[in-house]
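Q: Dropping the sequence and predicted coords here.
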Amino acid sequence: MRIKCIISYDGSAFNGYQVQPNERTVQQELQLALKKLHKGKEIKVYASGRTDTSVHAQGQVIHFDTELHIPVEKWPIALNSLLPDDIVVLNAELVDDDFHARFNVKKKEYRYFVQTGATPNVFLRNYRHFISHQLNIEAMREAANYLIGTHDFTSFCSSKTEVEDKVRTIFSIDIIEEKNELVFCFIGNGFLYNMVRILVGTLIEVGMGKRKPEDMKKVLEAKNRSVAGKTVPGKGLFLWEVVYDN
């Protein structure tokens, strides 16, 4: 049987999602829990995508294959009893054998949280990027409009990536202003390595008056990482939702 799960995790104590030697990762903890359930048998877990060190997930999607005859509604209970408390399985469902958590993705939503004000909230230090500088929200929204659509996002991708095709489609960008907080919401068909964090960093520079909104068009056309803004810290980023065809 192939099981699909939606999971949440606090990325603060993880060195990203993907298994790495001698590092604590989300995939490693999931596979250890499944190994215990399967009496020592290795079970590979596939995700909708990787998240980096300190990045969180509200709605990450995974799948795995199993021969255990556990009722599907019992899988969250079984896994949560074996997982550390910074990973939670929210639900599980039985899917067709051709479902793939990564390759069947239709769109993803990422949200980036920025705390504003005179002083940071110490209790949000692992979940918000703090900026004391007053930002021009309307200028950032105007700049974001240049990013919507299908573009080559080379300028907004880490130079460390091995991906050659850097064309992606962003369906929408919303910047929500709340008391002492900004939420950047990105919905697209996929995102490159560090793409959301670089997009946010560049939009913040627009908000600070260091760039004009129309400069976004030039940054896209340059196809050069050095032309875009700084990469904001991973701690403010959440993989919010993953949507599939069915």
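A: That came in fine, so what should we check first? Numbering: from 1, shown residues only.

Q: Give the bridge partners for the closest residue to residue 134 other than its chain neighbours, please.
A: Closest residue in space to residue 134, ignoring its immediate chain neighbours: residue 116 at 7.9 Å, by Cβ to Cβ, 6 or more residues apart in numbering. For the C-beta atoms, the positions are set from N, CA and C on the backbone; glycine is no exception. On DSSP bridges, the residues paired with residue 116 through beta bridges are residue 131.

Q: Contact partners for residue 116?
A: Contact criterion Cβ atoms under 8 Å, 6 or more residues apart in numbering gives 130-132, 134-135, 180-182 as the residues in contact with residue 116.

Q: do that again at 10 Å, thanks
A: Residue 116 makes contact with 128-135, 177-182, according to Cβ atoms under 10 Å, 6 or more residues apart in numbering.

Q: Just give me the closest of the residues you listed to residue 202.
A: Checking the contacts of residue 116 against residue 202 with Cβ to Cβ, the nearest one is residue 135 at 12.9 Å.

Q: hmm, back to that, next one, pLDDT for the residue nearest to residue 134 please.
A: You'll see residue 116 listed with a pLDDT of 95.

Q: Tell me where the protein has helices.
A: Across the chain, reading from the start of the chain, the helices by DSSP state H fall at 26-37, 75-80, 137-145, 195-207, 215-222.

Q: Can you give the distance of the longest one from its chain's centre?
A: Put simply, helix 195-207 sits 15 Å off its chain's centre (Cα atoms, centre = their mean, to the nearest Å).

Q: right, and the helices of the chain - which one's nearest residue 168?
A: Going through these one by one, with Cβ to Cβ as the measure, helix 195-207 comes closest at 7.4 Å.

Q: Go ahead and produce PDB holding the CA coordinates of the closest one.
A: Extracted in PDB, the C-alpha atoms of helix 195-207 (Å, rounded to 0.1, in the frame of the first residue of the first chain):
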ATOM      1  CA  MET A 195      14.200  31.300  -4.200                       C
ATOM      2  CA  VAL A 196      11.600  32.400  -1.700                       C
ATOM      3  CA  ARG A 197      14.200  33.700   0.700                       C
ATOM      4  CA  ILE A 198      15.900  35.700  -2.000                       C
ATOM      5  CA  LEU A 199      12.600  37.100  -3.300                       C
ATOM      6  CA  VAL A 200      11.700  38.300   0.200                       C
ATOM      7  CA  GLY A 201      15.200  39.800   0.700                       C
ATOM      8  CA  THR A 202      14.900  41.700  -2.500                       C
ATOM      9  CA  LEU A 203      11.400  42.900  -1.800                       C
ATOM     10  CA  ILE A 204      12.500  44.100   1.600                       C
ATOM     11  CA  GLU A 205      15.200  46.200   0.000                       C
ATOM     12  CA  VAL A 206      12.400  47.800  -2.100                       C
ATOM     13  CA  GLY A 207      10.500  48.400   1.100                       C
END
